[in-house]
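Undergrad: Give me coordinates for this.
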Amino acid sequence: TTRVMDSVMWTVLKTTGVESERVQIILNNGPGKNAEMGGTDKYVVYYMTSSCRRVHNESLEIAKALANHAHVPLVVLCALDLEMFRTASNRHVFFKLQGLAEL
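TA: Modelled structure (predicted):
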């Protein structure tokens, strides 16, 4: 399954325009692996941590391409740190929320 996922990743990567040097596979479970740990092949989850925007987001492009390749929905998960709202500038908070709204 690892070789299958590697093959899928590099095939999909060619469709995104993202340079392969910018990609590092950290967890290579492949589709449908580790069902006992909650894994499934019913969707692709993209955990958005910092680039909360739709454009100029290469990792989102890869997640979309993987979901399209597998013919499954893409689920975007973004956890907001509420402490950020207290300490960040209004402009920063607005920029982050505006990026999320575009998704």
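Undergrad: Check which helix or strand the spatially most central residue of the chain maps to.
TA: Geometric centre of the chain, nearest residue: Tyr46, 3.0 Å, by C-alpha atoms, centre = their mean. Secondary structure from DSSP states H and E places Tyr46 in strand 44-47.
Undergrad: Sheet-wise, list the partners of that strand with their directions.
TA: Strand 44-47 has these partner strands in its sheet, going by DSSP bridges: strand 74-77 (parallel).
Undergrad: circling back: go ahead and name everything in contact with the strand holding Tyr46.
TA: Contact with strand 44-47 is made by 59-60, 63, 66-67, 70, 72-78, as judged by C-beta atoms under 8 Å, 6 or more residues apart in numbering. In short, each C-beta sits where N, CA and C put it, glycine included.
Undergrad: Please identify which of those residues is nearest to Ala88.
TA: Among those, Cys78 lies closest to Ala88 (C-beta to C-beta), at 15.5 Å.
Undergrad: Which residue is the nearest non-sequential neighbour of the closest one?
TA: Met48 (4.2 Å; C-beta to C-beta, 6 or more residues apart in numbering).
Undergrad: Just want the phi and psi numbers for the one you found.
TA: phi -90, psi 120 (degrees, to the nearest 10).
Undergrad: gap between it and Phe95?
TA: Taking C-beta to C-beta, to the nearest Å as the measure, Met48 falls 14 Å from Phe95.
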